[in-house]
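*Asks:* just the structure for this:
(one chain, ligands or ions: 1)
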Amino acid sequence: MAKICLCLTGRTLERDLEILEKYRKYVDIAELRADCLDPDERFQLRRFPEMAGLPVILTIRRGIDGGKFVGGEGARITILSKGLAFAEADRRRNFAYVDLEEDLEVPSLEEAARTFGTRIIRSYHNMQGVDSDLTGKIKALWRVGDELAKAAVMPQNLDDVLRVYQAAKETAGGEKILLCMGEYGTNTRILAEHIGSHLSYTTVKGEADLPAAASGQLDPKVMAETYRFREITKKTRIFAVTGYPLKVSASPYFFNSIFSIENTDAVYVPIPADSIQSFLRLAEELGVAGVSVTVPYKEAVIPFLSYKSEQVKSIGACNTIVASPQGWMGYNTDAQGFSDSLLEFSGRRDLKGRKITIIGAGGAARAVAAEVYRLKGKALILNRTAVRAREVAFPYRFAWSGLDAQGIALMDKYADIIIQTTSVGMEPKADADPIEFYQFRGKELVMDVIYKPEKTRCLQRAEAAGCRILNGYDMLLRQARYQYKYYTGKEFPPSLINRVGF
Ligand code: ATR
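*Replies:* All right, here's what the predicted structure looks like:
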């Protein structure tokens, strides 16, 4: 089983130990990053394995490999030798591993390591990209007997990541540590078991004095608890969320928590993608079973679907895809989540006789307009760019206008329900209000698809005028519950509804 390794980047051994104690239950191995220690502390590092009480890797990373060591090579070798010096008969008091870069040829260090039972990790870092012959590179790292090969590379896109998984397959026989750094690499860290990596490096978040050990590392608690890293095997079904830039925090928590509660052998992984084609290639290689597709790929994914639900066809956007032997099946749960949320909010079974203003004309507005039409409501579409409002309104014969004085005046006739679908008012620009000139009467039901902040400026004004208000969180949860059903074929457990976060 792949292990969780915590990179310790404190300036003192005491600080590293404090961090280790705090996270001990999530950690199998610690990496002492001696390059982050104060110079005086480096001479004490020999004590650390005994203090730590679990297997420790000794690493002194140079600047060119992403580390902080600025001294000369001689100084580095001296510190490494001190770390490996045989002081105790008990091998548990020695470093379990030492990380030696592939270009570091110091036979005395290697001999010391072998003599004292310290396993050599022969490491290679490519901070710029992924080598064209990564397979050959990994094979070349296996020089002697029980050395562990380590390759850490920096993919520039998702096709690079795909090549790393392929190199992993081609080197499946040997023991190695393999990972992709950076924003595209998080999936290789979570799926260490799939990529055949001996361990996955993590780093604690939110401690101001600790520098990040490498880009893309997760917090050990998140790795162990949210992603259930220790339960992931090659058989674990993989689900994913993709988009770019991928700003998700709620959905990995939602899906991984429910998989855990339901004892489902599945993991849900964020995979930012530079193109939907690259994402699908990687998803197919990994055997991903289902995907939440987010901005900006909800339309771009449609040409790759072998089946499209009626809603995908009518709205022209797809946020949920499921793998089948025939190919990807596409659904739109945003629309279903939205209309369930609105109907419950309004206490109605349809929108017959309701006059509704929809603010915005983007993807979200299209889904809202399609649902309002299906539920027999009548709408006015208002958008900054009036011609886009017209495009959304046209198929349903809805009214439309620009988001200007004339449009705001028209709202008086469409004031039973107001639905805000733009990103205006979202954090970090939470003081914006797309309809700042509209005076709420107090009778409108007002829904905003934004849920951060909880109450947008627009919702605050509406509430102050006496309106009932609803933010987008309810809709988000409802669409995720539909996704759960498409992913697993099972109903979302009713007992979980109303529990925080579900
Ligand atoms: P989504 O898929 O989330 O709806 P989108 O398709 O990019 O995103 O649509 C964004 C919507 O927010 C559009 O209606 C956009 O108006 P334009 O069509 O005029 O671009 C609207 N929007 C974004 N920024 C805005 C702003 N500062 N003021 C008013 N509307 C804005």
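*Asks:* the stretch 151-300 of the chain against the ligand: which residues are in contact?
*Replies:* Within the stretch 151-300 of the chain, the positions near the ligand by C-beta under 6 Å from any ligand atom are residue 295. All C-beta spots, glycine's among them, are computed from the backbone N, C-alpha and C.
*Asks:* the stretch 151-300 of the chain: helices as residue ranges?
*Replies:* All helices of the stretch 151-300 of the chain, identified by DSSP state H, counting those that start in this stretch, fall at 158-170, 186-190, 192-195, 220-221, 250-261, 276-286.
*Asks:* buried residues in the longest one, which are they?
*Replies:* Buried residues in helix 158-170, counted by 16 or more other C-beta atoms under 10 Å: 158, 159, 160, 161, 162, 163, 164, 165, 167, 168.
*Asks:* contact partners for the fourth one?
*Replies:* Residue 161 makes contact with 130, 155, 180, 184, 185, 187, 188, 282 under the criterion C-beta atoms under 8 Å, 6 or more residues apart in numbering.
*Asks:* of these, which is the nearest to residue 386?
*Replies:* Distance to residue 386, by C-beta to C-beta, is smallest for residue 184 among those, at 38.7 Å.
*Asks:* nearest residue to the closest one in space, ignoring adjacent ones along the chain?
*Replies:* residue 155 (4.5 Å; C-beta to C-beta, 6 or more residues apart in numbering).
*Asks:* just the C-alpha atoms of stretch 144-153, please, in PDB.
*Replies:* What follows is stretch 144-153, C-alpha atoms only, in PDB (Å, rounded to 0.1, in the frame of the first residue of the first chain):
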ATOM      1  CA  VAL A 144      21.800  -1.000  -7.500                       C
ATOM      2  CA  GLY A 145      19.800  -3.700  -5.700                       C
ATOM      3  CA  ASP A 146      17.200  -2.300  -3.400                       C
ATOM      4  CA  GLU A 147      17.500   1.400  -4.400                       C
ATOM      5  CA  LEU A 148      14.100   3.100  -4.700                       C
ATOM      6  CA  ALA A 149      13.800   5.300  -7.900                       C
ATOM      7  CA  LYS A 150      12.100   8.600  -7.500                       C
ATOM      8  CA  ALA A 151      10.900  10.800 -10.300                       C
ATOM      9  CA  ALA A 152       9.100  14.100  -9.700                       C
ATOM     10  CA  VAL A 153       8.200  16.000 -12.800                       C
END
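*Asks:* quick check: phi and psi at the residue of the stretch 301-450 of the chain at minimum distance from the ligand.
*Replies:* Using C-beta to the nearest ligand atom, the closest approach of the stretch 301-450 of the chain to the ligand is made by residue 362 at 1.9 Å. Per-residue torsions, residue 362: phi -90, psi -160 (degrees, to the nearest 10).
*Asks:* who touches it in this structure?
*Replies:* Counting by C-beta under 8 Å, 6+ apart, residue 362 has contacts 388, 421, 422.
*Asks:* residues near the closest residue to residue 164 other than its chain neighbours, how many?
*Replies:* In this structure, residue 164 finds its nearest non-sequential neighbour in residue 180, 5.5 Å apart by C-beta to C-beta, 6+ apart. Around residue 180 there are 25 other residues, counting by other C-beta atoms under 10 Å.
*Asks:* quick one: contacts for residue 180?
*Replies:* The contact partners of residue 180, by C-beta under 8 Å, 6+ apart, come to 130, 152, 153, 154, 155, 160, 161, 164, 187, 188, 189, 216.
*Asks:* how about residue 483?
*Replies:* Applying C-beta under 8 Å, 6+ apart to residue 483 gives the contacts 255, 290, 292, 319, 320, 333.
*Asks:* just name the closest of these to residue 208, please.
*Replies:* After measuring these against residue 208 - C-beta to C-beta - the closest member comes out as residue 255, at 31.0 Å.
*Asks:* fine by me, thanks again.
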